[in-house]
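> what follows is a predicted protein model with its sequence.
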Amino acid sequence: MVTQSVNFVRIRLTDERWTHILTEHGELLGWHELILQTVASPDRVLAGGMDELLAVREVNPGKWLVVVYKEQGADGFIITAFLTRRAASLNRRQQVWP
């Protein structure tokens, strides 16, 4: 499964990472398309702690889907994804897009 980030970088969601997401965050079963869409068209992108990027999209009032991914040149990959209600935690991060 492949999408393109806001930086026009090809981002892959591998079977191994999808299995990891479902193992750790089973509530995201059936959300693979929304995960890819969130990378391609997020509400905003935040800086992660170790060169990752966090694509964020509000999926319900006060609830966000966060997709953690890495860009490496012209290629990249999704690391994980999760849901959160912790707006303050997200707002402490540097916004890098838009």
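Arrived safely, thanks for sending. Numbers count the residues shown, from 1 in each chain.

> can you give me the buried ones in stretch 48-68?
Using 16 or more other Cβ atoms under 10 Å as the test for burial, stretch 48-68 gives 48, 52-57, 64-68. C-betas here are computed from N, CA, C, even on glycine.

> contacts only, for the residue nearest to Ile79 when sequence neighbours are not counted.
Closest residue in space to Ile79, ignoring its immediate chain neighbours: Val68 at 4.5 Å, by Cβ to Cβ, 6 or more residues apart in numbering. Counting by Cβ atoms under 8 Å, 6 or more residues apart in numbering, Val68 touches 48, 52-54, 78-81.

> one more: Leu65?
Leu65 is in contact with 31, 34-35, 38, 56-59, 81-83, counting by Cβ under 8 Å, 6+ apart.

> inside strands: which ones of these?
Judged by DSSP state E, the contacts of Leu65 include 56-59, 81-83 as members of strands.

> ok, the residues you listed vs Glu16, which is closest?
Taking Cβ to Cβ as the measure, Glu16 lies nearest Ala81 of the ones in strands among the contacts of Leu65, at 13.8 Å.

> name whatever forms a beta bridge with the closest one.
Bridge pairing for Ala81 (DSSP bridges) gives the partners Val67.

> tally of neighbours for it?
Using other Cβ atoms under 10 Å, Ala81 is surrounded by 28 other residues.

> is Arg17 in contact with Ile79, as I believe?
Yes - proximity of Arg17 to Ile79 meets the contact threshold set by Cβ atoms under 8 Å, at 6.7 Å.

> hmm, back to that, for the residue nearest to Ile79, give its distance to Leu83.
Val68 sits 13 Å away from Leu83, going by Cβ to Cβ, to the nearest Å.

> perfect, I'm done here.
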